[in-house]
Structures are given as structure tokens and as C-alpha cells.
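Trainee: Return atomic coordinates for the entry below.
(one chain, ligands or ions: 1)
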Amino acid sequence: SRGSILITGGAGYIGSHCAKAVAEAGFLPVVYDNLSTGHRDFVRWGPLVIGDVADHDKIAATIGEHSALAVMHFAAFSAVGESVADPQKYFSNNVAGTLGLLRGMREAGCDRLVFSSTGAVYGNAGRDPIPESAAGPTVNPYGRSKFMIEQILADYRAAYRFNSVCLRYFNACGADASATIGELRDPETHLIPRALMALLGHVPDFAIFGEDYDTPDGTAVRDYIHVDDLAAAHIAALELLLRGDAGGVFNLGTGTGYSVRQVLDAIRAETGEAVPSVVRERRAGDPPILVADPSRSERGLGFKASRSDLGYIIRSAWAWHQKAHPRRR
Ligand code: UDP
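Mentor: All right, here's what the predicted structure looks like:
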């Protein structure tokens, strides 16, 4: 093994895919997760430590025990609508929790972090595609919680030489080809898994949230990136930090946007079934268009999305939903 990598939130959707990629890159992924939204059976490539990121003593002890070379930090709440309704939950876990993690890392002498950030830092960007320089103002507490951490990390880099790569994910989706890990939340809020669950009869009230946006078909446009592409970018970020680089901020997207209706059309094309849907009003906190400018991550990380064809995204997600999701047919 090339050494251990601590993966907070490694029992979750993106974290578990990255843990697999970390193992395939020759490291031991040590998953650190409180299982509040994660799944024990998503931890397959290394040990699981059950703990909270706010528990800096436990973070420091776990890093010390495994001599972790770096941390990948996925543990966070991530539903935009919920963050609008309950901001305290988001600032406590995502911001205060991360401060605990950072303190634990510094106590253990570990100063390399790959941080899960989000396209939500761009708010109502009004630009398409969006370069990294266009961040803020944010339009919901989830995006704010992540943007605050990015700014904290910039200060840590300057003050402590604590190096970090912030990866701003656009819309993560799809599943590992094994169909043993995938999107699994309760309640499910994301477009593609909700639509597929509606096809399986487990979401009785699937709705398109808004068709009065200033977009070509009136529905909101997003940049959908396969979780395997995200995982590949995390390995590139890790390698950058291990080479001694100070890090930075990078978009992870494809540069291509699809509307909600285009996604539903692609689901019909791939599955042969139309998602039963109604149209409802816009969801609070949702911007009309979020599409990444991927050029900085191409240059700085040497990363380019290569598994994010919308058809492949839907086929791989559909395989997970049919084969292994607990609420399958
Ligand atoms: N969306 C929708 N119906 C749903 C879930 C989502 O119309 O049941 C829309 C949502 O309003 C947004 C897009 O699909 O425009 C992507 O939403 P998702 O929650 O998947 O990701 P987000 O962009 O909020 O991170």
C-alpha cells in the first residue's frame, strides 16, 4: 500500500465511490463516518471508524493510528431545500463539524485535505459556463456552508501551510459499474434517483420543480457529472497534494448543461419508460442554470470528465436502482 487516506463520509454516495478509487490507486481508504446518512455496507475497501467529524480528538487519534497521509472530506449534509428550512443543521454539521476535523488534522500533523465543495457556491451565477472566479453571492445555506469552509481553508493555507484542494462538484450522479454502491437517501431529493424511483413506483409524487425559468424549455439546467469522474478527479487532487502542491479551487463538471426535461427524456430513451410527472412551482433556493467551466481543472488537475455521457449516467444509475437499491422492483 502507498499509505492510508482518511475518508470522512466514506459510507455515503460520493465518498464510497472515492474510497474505491483510492483503493484502486494503491492506498488504504480508512472510512470515518457517523452513519447518520451513510451505509455500513458501502464500506468495502478498508476499515470503518464510526465517529463524528466534530470530534477532533477522535479525528487526531484515527489519523495517528493509521498514519494517514491526507484526508478526503465528504461528510456533510447536502440537500438545498432542507438547508433553507433548517440552516442550523447545515452550519453546525458542515461548518462547525469541519472546524473540528481541521483541528484534529492539525493536532495529528496532517496538512493535506481534499474538500467536497459545490457548484452551489455560485448562487444565481447568471453565467454559463461558470469559471471559479465567479463564486458568490450564494443563494442558500447549503452553498454558504461550503463557501465558508473554502474561505477558512484559504486562510489555513496562508497561516499554517495547511494545503487543500476544494472541488466544486456540479451534479453528481450515476453509479459504479458493479451496481453495489449508489445513491441511497431517505428522503431522496435528487432529480435522477427520484425519477428512477418514480419509475419503480416508490416516489408517488414526482414533480418537475418549475417550468418558468429563463431557459430554453423553461426547466432548470444543470451540469451532470458521473460519480466515477468525480472519483478520478479526487485521485488527481490527492496526487497533487502528495507532490507538495498548496492546492486551490477547481470546478468538477462537464461544461455541458441539461434541463430537467432533457434528463427525463434521456431516462425514457434509456429505460423505455416515461417518468410519471406533474409540474410544480420552483423549489426554494434553486438557481436557473449551473454549468461548469471545466478548463481550470483540465489544466491544474489534468482532469477531464470521460464517463459523464448522460446515457451512461442513467444506465449505471438504473442498474443500481434495479439490482441493489433496497427499494427495487
Ligand atoms: N428537480 C426536479 N424534481 C425533483 C428533483 C429535482 O425538478 O424531484 C430539479 C431541481 O429543481 C433542479 C434539478 O432538478 O433544477 C437538479 O436538482 P437536484 O436536487 O438533483 O440537484 P441540485 O442541483 O439541487 O444540487
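
Trainee: What parts of the stretch 151-300 of the chain come near the ligand?
Mentor: 171, 189-191, 194, 206-209, 220, 222, 260, 283, 286 (Cβ under 6 Å from any ligand atom). C-beta here means a position set from N, CA and C on the backbone, and glycine is covered the same way.

Trainee: Next, find the distance separating the closest residue to the ligand within the stretch 101-250 of the chain from V80.
Mentor: Of the stretch 101-250 of the chain, the residue with the smallest distance to the ligand, taken as Cβ to the nearest ligand atom, is A220 at 3.1 Å. Per Cβ to Cβ, to the nearest Å, A220 is found 12 Å from V80.

Trainee: ok, which stretches of this protein are helices?
Mentor: 13-24, 56-66, 80-85, 87-90, 97-108, 141-160, 191-199, 227-242, 260-271, 295-301, 310-323 (DSSP state H).

Trainee: Domain parsing of this structure, as residue ranges.
Mentor: Here the domain parsing of the chain from automatic domain parsing is 4-173+224-252, 191-222+255-323.

Trainee: what's the closest of these to L184?
Mentor: Closest to L184 of those is domain 4-173+224-252 (Cβ to Cβ; 6.2 Å).

Trainee: how distant is that closest one from the center of its chain?
Mentor: 8 Å (Cα atoms, centre = their mean, to the nearest Å).

Trainee: who's more crowded, A220 and V80?
Mentor: Using other Cβ atoms under 10 Å as the criterion, A220 and V80 rank with A220 on top: 24 against 21.

Trainee: phi, psi of the more buried one?
Mentor: Backbone torsions of A220, given as degrees, to the nearest 10, read phi -70, psi 150.

Trainee: contacting residues around it?
Mentor: Contact analysis of A220 by Cβ atoms under 8 Å, 6 or more residues apart in numbering lists 209-210, 213, 259-260, 286-289.

Trainee: Report all helices and strands that the worst-scoring helix or strand of the chain on mean pLDDT contacts.
Mentor: The weakest-scoring helix or strand in the chain, judged by mean pLDDT, DSSP states H and E, is helix 80-85 (a mean of 91). Packed against helix 80-85 by the contact rule (3 or more Cβ pairs under 8 Å, 6 or more residues apart in numbering; DSSP states H and E) you find helix 87-90, helix 141-160.

Trainee: Could you name the helices and strands sitting against the longest one?
Mentor: If you count contacts as 3+ Cβ pairs under 8 Å, 6+ apart, helix 141-160 packs onto helix 80-85, helix 87-90, helix 97-108, strand 112-118, strand 163-169.

Trainee: among the ones you listed, which gets the worst mean confidence?
Mentor: Ranked by mean pLDDT, the helices and strands packed on helix 141-160 bottom out at helix 80-85, which scores a mean of 91.

Trainee: is the least confident helix or strand of the chain anywhere near the ligand?
Mentor: Yes - residues of helix 80-85 contacting the ligand under Cβ under 6 Å from any ligand atom: V80.

Trainee: Next up, phi/psi of the residue lying farthest from the centre of the chain, please.
Mentor: In terms of distance from the mean C-alpha position of the chain, G272 ranks first, at 28.5 Å (Cα atoms, centre = their mean). Backbone torsions of G272, given as degrees, to the nearest 10, read phi 80, psi 10.

Trainee: residues contacting whatever residue of the stretch 1-150 of the chain ends up closest to the ligand?
Mentor: Proximity of the stretch 1-150 of the chain to the ligand (Cβ to the nearest ligand atom) peaks at V80, 4.7 Å away. Neighbouring residues of V80 by Cβ under 8 Å, 6+ apart: 120, 140, 142-143, 189, 283-286.

Trainee: cutoff 6 Å now
Mentor: Residues near V80 by Cβ atoms under 6 Å, 6 or more residues apart in numbering: 140, 142, 285.

Trainee: export these to CSV and tack on neighbour count?
Mentor: Converted to CSV, those look like this (neighbours: other Cβ atoms under 10 Å):
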residue, neighbour count
N140, 22
Y142, 26
G285, 20
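
Trainee: Those residues into CSV, with extra columns for pLDDT?
Mentor: Formatted as CSV, the contacts of V80 follow (pLDDT from 0 to 100):
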residue, pLDDT
N140, 92
Y142, 96
G285, 79
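
Trainee: Quick check: phi and psi at the residue lying closest to N124 once chain neighbours are set aside.
Mentor: Counting by Cβ to Cβ, 6 or more residues apart in numbering, N124 lies nearest to P287, which is 4.5 Å off, once chain neighbours are set aside. Dihedral pair for P287: phi -80, psi 160, per degrees, to the nearest 10.
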